[in-house]
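**Student:** here is a sequence with its predicted model. Questions after.
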Amino acid sequence: MDMVIDFPGGARVDAHYGPYTIMTDQPPAGGGEGQAPTPFSLFLASMGTCAGIYVLGFCQQRGLPTEGIKIIQRMERSMFTGMVEKVAFEIQVPPSFPEKYHSSLIRSAQLCAVKKHLENPPMFEINTVVAEPV
């Protein structure tokens, strides 16, 4: 399935994928209105939410409650380039969560498809074509 990216105005750039529209914007300092996350914020959020999907699935498969579980995602940036050099996830569980499952939660989060794609990145190809008039 193709994803269609368009420019609805201002600094907004939206992605349409199946029945979904994923909106992005820039903060006012970047020429936008700050009405949606930046594309890079969505990229970072995709890592944490992907890990969360696997943690949630692990708990649901075993009938374990997810109330009180949180994943804290921390990014460390290079002071020279500003690029993210390290992403760390801390899975916080309530005291009642069985300790025997702690390491399994870590293994579950490591199954994240976004993480796997970053470890083995795809090739990128960018070109232009003249669109047919509508």
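**Tutor:** That came in fine, so what should we check first? Numbers count the residues shown, from 1 in each chain.
**Student:** check which residues of stretch 114-134 are buried.
**Tutor:** Buried positions in stretch 114-134, judged by neighbour count with 16 or more other C-beta atoms under 10 Å: V114, K115. Glycine gets a C-beta too; all of them are placed from N, C-alpha and C.
**Student:** which residue sits closest to the residue minimising distance to the centre of the chain, ignoring its sequence neighbours?
**Tutor:** Centroid-nearest residue in the chain: S46, 0.8 Å away (criterion: C-alpha atoms, centre = their mean). Closest residue in space to S46, ignoring its immediate chain neighbours: V114 at 5.1 Å, by C-beta to C-beta, 6 or more residues apart in numbering.
**Student:** helix, strand, or coil at that neighbour?
**Tutor:** Look at V114: counting by DSSP: H, G, I helix; E, B strand; the rest coil, its state is helix.
**Student:** how near is it to A45?
**Tutor:** 10 Å (C-beta to C-beta, to the nearest Å).
**Student:** and for T24?
**Tutor:** Counting by C-beta to C-beta, the gap from T24 to A45 is 11 Å.
**Student:** those two: which has the busier surroundings?
**Tutor:** Using other C-beta atoms under 10 Å as the criterion, T24 and A45 rank with T24 on top: 19 against 14.
**Student:** give the contact list for that one.
**Tutor:** Contacts for T24 (C-beta atoms under 8 Å, 6 or more residues apart in numbering) come out as R12, V13, D14, A15, A36, P37, T38, P39, L42.
**Student:** quick one: I72 and V87 touch, right?
**Tutor:** No. I72 is beyond contact range of V87, at 11.3 Å (criterion: C-beta atoms under 8 Å).
**Student:** who's more crowded, the two?
**Tutor:** More crowded of I72 and V87, by other C-beta under 10 Å: V87, with 15 against 10.
**Student:** how is the chain carved up into domains?
**Tutor:** Domain ranges of the chain: 1-36, 39-119, per automatic domain parsing.
**Student:** now do the first one: distance from first to last residue.
**Tutor:** Terminal residues of domain 1-36 lie 24 Å apart, using C-alpha to C-alpha, to the nearest Å.
**Student:** quick one: buried residues of that domain?
**Tutor:** For domain 1-36, a neighbour-count test (16+ other C-beta under 10 Å) marks A11, R12, V13, D14, T24, D25, Q26, G32, A36 as buried.
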